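Participant: I need the structure of the sequence given here:
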Amino acid sequence: MSTTTTVDAPAPSAGTTTEAVRPRRVRRRGERGRLATFATHGVLSLAGLIALFPIAWLIYLSLGPDKDDYLHPGRILGKAAFSNYSFVLEHTNFFKWLQSTLIVSLGTTVVGVLFAATTGYAVSRMRFPGHRKLMWILLLTQAFPIAVLIVPMYEILGDLGLIDTYGGLILVYCSTAVPYCAWLLKGYFDTIPHEIDEAGRIDGLSPFGTFARLIVPLARPGLAVAAFYSFITAFGEVAFASTFMLDDEKYTFAVGLRSFVSEHDAQWNYMAATAVLIAIPVSAFFYLVQRNLVTGLTAGGTKG
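Facilitator: Alright, predicted model coming up:
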């Protein structure tokens, strides 16, 4: 006959609390500790400060009333004023620059996104002869520097009578924005199931009807990224705008800023104030599309 021996667990002593015998909390997979969380927030805060410092410094310099205040930034605090902004708004062609910039930027955005979206959709869905070569040709156009392209583009626009016109500058900017945006949107269209196209054909929609009514609403994040890229490309470009626009009343902001710097003088205070004012429409446009920017930038890279 076997005997079973029972060993009783030692009773907790009088000084031992219930918390002392409670098992340690096991950290879940992917969960950060307090030190890692603190370090992450610290790095992000530092990165945010580094990103915001140039903007804050530009705003600070724009408050200096004299053109040489940037050499002695410590003196600006005692005499800060908004006189630079009033001068830019009242005694320069700021509003004409604003009009020209918005016409060119929004025109480039609308035309560029339209061509890029239709091109990307066609290459993504249709297997016509040379569809792969077309995308590589578009990519190859991005390899040429602006200095090489200015002369042939000037001759082409001159033959077409488009020198010193908004339409000519929009076409030039589209030649830069469309290839990149077509690649971007092609990758995004690849993530949309082909069954949606088939459902559109069953319902009697044409290929363009399927694209406009079914695909475009689903591709809104990708279109937002393409629109933002096209807008920024046209908004801040200098070389093409200063070459193809001859009338100073048709200058864009980027070219208008150069009027404050000459061979013998540089009015940095007015340039800083103008740069701050220029940032307002860009910030507004970014606010309109920022919801879709992250989704559009990441989703297009999931498929070839």
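Participant: which regions of the stretch 101-250 of the chain lie under the pLDDT threshold?
Facilitator: Applying pLDDT under 70 to the stretch 101-250 of the chain picks out no residues at all.
Participant: Now do the helices in this structure.
Facilitator: Here the chain has its helices, by DSSP state H, at 34-62, 83-91, 94-125, 131-140, 146-160, 166-190, 194-202, 207-210, 216-218, 220-236, 239-244, 253-256, 268-299.
Participant: The last one packs against which elements?
Facilitator: Looking back up the chat, that one is helix 268-299. Counting by 3 or more CB pairs under 8 Å, 6 or more residues apart in numbering; DSSP states H and E, the packing neighbours recorded for helix 268-299 are helix 34-62, helix 83-91, helix 94-125, helix 166-190, helix 220-236, helix 253-256. The C-beta positions use only the backbone N, C-alpha and C, and glycine is treated the same way.
Participant: If you count neighbours, what's buried in the longest one?
Facilitator: Within helix 94-125, the residues that count as buried by 16 or more other CB atoms under 10 Å are 94, 97-98, 100-109, 111-113, 115-117, 119-125.
Participant: still on that earlier bit, as TSV, the helices of the chain with distance to D68 would be great.
Facilitator: Formatted as TSV, these follow (distance: least, CB to CB, whole Å):
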stretch	distance to D68
helix 34-62	11
helix 83-91	13
helix 94-125	23
helix 131-140	47
helix 146-160	33
helix 166-190	35
helix 194-202	62
helix 207-210	60
helix 216-218	53
helix 220-236	27
helix 239-244	26
helix 253-256	22
helix 268-299	8
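Participant: Out of those, flag the one nearest R75.
Facilitator: Proximity to R75 (CB to CB) singles out helix 34-62 among the helices of the chain, at 11.6 Å.
Participant: got the angle for the closest one vs helix 83-91?
Facilitator: Using axes from the mean of the first three to the mean of the last three CA atoms, to 10 degrees, the inter-axis angle of helix 34-62 relative to helix 83-91 is 60 degrees.
Participant: For helix 34-62, which helices and strands make contact with it?
Facilitator: Helices and strands touching helix 34-62, by 3+ CB pairs under 8 Å, 6+ apart, are helix 268-299.
Participant: Could you dump the helices and strands packed on helix 268-299 into CSV with distance to A275 added?
Facilitator: Output for the helices and strands packed on helix 268-299, formatted as CSV (distance: least, CB to CB, whole Å):
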stretch, distance to A275
helix 34-62, 6
helix 83-91, 10
helix 94-125, 12
helix 166-190, 21
helix 220-236, 11
helix 253-256, 9
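Participant: wait, which of the ones you listed is closest to V289?
Facilitator: Taking those one by one with CB to CB, helix 220-236 is closest: 4.2 Å.
Participant: who's in contact with the closest one?
Facilitator: 101, 104-109, 112-113, 116-117, 169-170, 173-174, 176-177, 180-181, 184-185, 188-189, 216, 252-254, 281-282, 285-286, 289, 291-293, 295-297, 299-300 (CB atoms under 8 Å, 6 or more residues apart in numbering).
Participant: Weed out the non-buried ones from those residues.
Facilitator: Counted by 16+ other CB under 10 Å, these give 101, 104-109, 112-113, 116-117, 169-170, 173-174, 176-177, 180-181, 184-185, 188-189, 252-254, 281-282, 285, 289, 292, 296-297, 299-300 as buried.
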